[in-house]
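Undergrad: okay, here's the prediction I keep looking at, along with the sequence it came from:
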Amino acid sequence: MKVENIKPYKESSEGKKKQVAQMFNNIARRYDFLNHFLSMGIDRIWRRKAISMLEKEFPMLILDIATGTADLAIESIRLNPEKIYGIDISTDMLEIGRNKIKKKNLQEKIQLFEGDSEDLIFEDNKFDIVTVAFGVRNFQNLRKGLSEMLRVLKPEGIVMILEFSQPTNPLLKKLYNFYSSHVTPKIGKAISKDGAAYTYLNESVSAFPFGSEFCKILTETGYKDVHARSLTFGVATIYTAKK
């Protein structure tokens, strides 16, 4: 099944986009805690590595897609840009992100917007770098979302996508699948009180076209110089590409 067809609430007749927004609103208050807890803090390391790969680019303007609670946008401050914009469809996630930005006194550097990542409010050729962490598999139309990211990039601009993938080692894959399909949903349900959210997480990761398959999609969308860097035995992957 294509990742676009995986939805959080199977009994709902709403489209994926609305369901995803509802899901993130439902789990927003526990989202950061569960991210760090379920990954044993490794998600922080992944974000740091992803941003470190962009340090030689010296970007002036950065757009963070599906910014959520703004963890990657805040991490991007290390690149010393003039401005970072974040966009997300979840109002509750954005509220938490804005509070984090305010506590760090970064309001002048980072600005968050509510909006659709597949229909961006920004003009063509605006950003030096576009980033997204754990967001593209939530797109209702994956290729449309990737095309929008390409549209708003400046010529020679870089996209950086951090996304879950799957280990290729058979033993590690078996252990990972057991953890993702049995442990994660139970803990996620107990803490977030949304039984569907962390089942959806596992299903969407399983359906996502990772590695060379996703690199091919990026190339077909119009990106060049596409590269993939596997993290933590293949549990996550950093993709970079140019316009």
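TA: Looks like it came in fine.
Undergrad: which outside residues touch the one helix or strand Tyr198 maps to?
TA: According to DSSP states H and E, Tyr198 maps onto helix 197-207. Residues outside helix 197-207 that contact it (Cβ atoms under 8 Å, 6 or more residues apart in numbering): 1-3, 5-8, 23, 26-27, 34, 137-138, 164-166, 177, 180-181, 184-185, 187-189, 192. C-beta here means a position set from N, CA and C on the backbone, and glycine is covered the same way.
Undergrad: could you pull out the buried residues of it?
TA: The neighbour-count check on helix 197-207 (16 or more other Cβ atoms under 10 Å) flags 197-206 as buried.
Undergrad: about what we covered before: mind checking which of the contacts of helix 197-207 land in strands?
TA: With DSSP state E as the criterion, strands contain Phe164 from among the contacts of helix 197-207.
Undergrad: now list the buried members of the contacts of helix 197-207.
TA: Using 16+ other Cβ under 10 Å as the burial test, the contacts of helix 197-207 include 3, 6-8, 23, 26-27, 34, 137-138, 164-166, 180, 184-185, 188, 192 as buried.
Undergrad: make TSV from the buried residues of helix 197-207 and add distance to Asp128 and pLDDT to it.
TA: Output for the buried residues of helix 197-207, formatted as TSV (distance: Cβ to Cβ, whole Å; pLDDT from 0 to 100):
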residue	distance to Asp128	pLDDT
Ala197	33	89
Tyr198	35	91
Thr199	38	92
Tyr200	33	93
Leu201	31	88
Asn202	35	90
Glu203	35	93
Ser204	29	94
Val205	29	92
Ser206	34	92
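Undergrad: model confidence score at the closest residue to Thr91 other than its chain neighbours, please.
TA: Taking Cβ to Cβ, 6 or more residues apart in numbering, and ignoring the residues beside it in sequence, Thr91 has Glu114 as its nearest neighbour in space, at 5.9 Å. Looking at Glu114, its pLDDT reads 97.
Undergrad: number of residues surrounding Asp43?
TA: 21 (other Cβ atoms under 10 Å).
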